[in-house]
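1. Below are the sequence and a predicted model for it; my questions follow.
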Amino acid sequence: MKKAICHYSFHRRWTAEKWTAERLAEEVKALGIECVDFHAGMMAPAATAAARIRAALSKSGLTLSSLSLGNDFNKENPPNIRETGAVVKEAEKNGLVLAIENHGGLPCTGEEQVDVIRAVNSPSLKATVDVGNYLEGNQEAEVGTRVAAPQAGYVHFKDLKKVPDAAARFGRKLEACALGEGGVDLRACLNALKKAGYDGVVALEYEGTEAETTGVPKSVAHMKKVMKGF
C-alpha cells in the first residue's frame, strides 16, 4: 500500500500561512510521503486549480493520490441515488473512479456505503474507507472497514479518542488526535483491507487539535510504523 497526506491535514496552516499548492507538496515530500491528496474546496479559484496542481506535482515529483470533492446528495434518506448515478456516468465516460466516503451522515457505516455502491452498480463507484468516521455511526473502525473493504477505492487514516459524555449521542463524544493516541485499531483496519485485496493508497487525514506543525509529523511517523509489512 502507498502512503499519502490529505490536503486537509494542513488546513489551518494552509489558511494562516497562505500556502500554495507547491508549498503543500514541499511539506508532504519533506515528510517522506510519496503521494498527496488535494482538496478542491481549498484550491480556489477553480479555473486555475488544475494547472496549479499539475505544476506542484511536476516540481515535487509527488503522485496525485486523489482529489477530494464534496456533494449534497445525501439530503434525502436514503441518499439520492439518481444524482449519484448521473455523476458516476460522467466518471465512466472519462475513465475516472469516484469513491464515496462515510462522512458522518449517510452513508456513515460500512453497510451504508456498500448499499449505495451496490444500488448504483458501476465499476466507477467505490468506497473511501475513512477508518475513524465509522465511529460517528457507533461502529468500531475495524468493523466498518471490514464491511466496506471489498469495495475500497481509497482510504483515510485517522485516530480519535472516545470521551464519556452522558449528554452526547451514544454516551460519548469523539476527539480527533494524532495517530496512535486514540482508540482506532489501525493495524486491524489494515489487516481487513489487505484480506480484501486492497493495495491502493492510505492517506493520512489529520484532524487533531494539536498544532499541525507537530501533530502531522507525529502521525506520519506512526503511520510509517504501523504500515510496515503492508
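-> Received it, and whenever you're ready, just let me know what you need.

2. okay, now Thr109: neighbour count?
-> Close neighbours of Thr109, defined as other C-beta atoms under 10 Å, add up to 20. Backbone N, C-alpha and C define where each C-beta goes, glycine included.

3. ok but Lys161 is inside a strand, no?
-> Yes. According to DSSP: H, G, I helix; E, B strand; the rest coil, Lys161 belongs to a strand.

4. ok, it - contacts?
-> Neighbouring residues of Lys161 by C-beta atoms under 8 Å, 6 or more residues apart in numbering: Leu174, Glu175, Cys177, Glu181, Gly182, Gly183.

5. of those, buried ones?
-> Leu174, Cys177, Glu181, Gly182 (16 or more other C-beta atoms under 10 Å).

6. Local confidence estimate at the last one?
-> The predicted local distance difference test score for Gly182 is 97.

7. Nearest residue to it in space, please, no chain neighbours.
-> Sequence neighbours aside, Asp159 is the residue nearest to Gly182 in space, at 3.6 Å (criterion: C-beta to C-beta, 6 or more residues apart in numbering).

8. Which strand residues bridge the one you found?
-> Judged by DSSP bridges, the bridge partners of Asp159 are Cys177.

9. Number the chain from 112, please
-> Done: numbering now begins at 112, and the last item shifts to Asp270.

10. Correct me if wrong: it contacts Leu285.
-> No. Using C-beta atoms under 8 Å, Asp270 makes no contact with Leu285, being 10.3 Å away.

11. Distance check, the residue positioned nearest the centre of the chain against Cys117.
-> The residue lying closest to the centre of the chain (C-alpha atoms, centre = their mean) is His267, at 3.2 Å. To Cys117, His267 is 7 Å away according to C-beta to C-beta, to the nearest Å.

12. where does this protein dip in pLDDT?
-> 185-193 (pLDDT under 70).

13. now the strands: where do they sit in it?
-> 113-117, 146-150, 174-179, 209-212, 236-241, 263-268, 270-275, 283-288, 312-315 (DSSP state E).

14. neighbouring strands for the third one, and are they parallel or not?
-> Based on DSSP bridges, the pairing partners of strand 174-179 within the sheet are strand 146-150 (parallel).

15. what angle do the partner strand and strand 113-117 make?
-> 30 degrees (axes from the mean of the first three to the mean of the last three C-alpha atoms, to 10 degrees).

16. nearest spatial neighbour of Trp152, skipping sequence neighbours?
-> Actually, residue 152 is Gly. It isn't Trp. In space, and not counting its chain neighbours, Gly152 is closest to Gly181: 6.1 Å by C-beta to C-beta, 6+ apart.

17. swap that for Gly196, sorry
-> Val231 is the one closest to Gly196 (C-beta to C-beta, 6+ apart), at 5.3 Å.

18. Kindly tell me how buried that neighbour is, as a neighbour count.
-> Neighbours of Val231 using other C-beta under 10 Å come to 19.

19. Distance-wise, check it relative to Thr239.
-> Counting by C-beta to C-beta, the gap from Val231 to Thr239 is 15 Å.

20. Can you give me every residue that contacts the nearest residue to Ser235 once chain neighbours are set aside?
-> Excluding the flanking residues, the one nearest Ser235 by C-beta to C-beta, 6+ apart is Ala202, at 4.2 Å. Contact analysis of Ala202 by C-beta under 8 Å, 6+ apart lists Val208, Leu209, Ser233, Ser235, Leu236.
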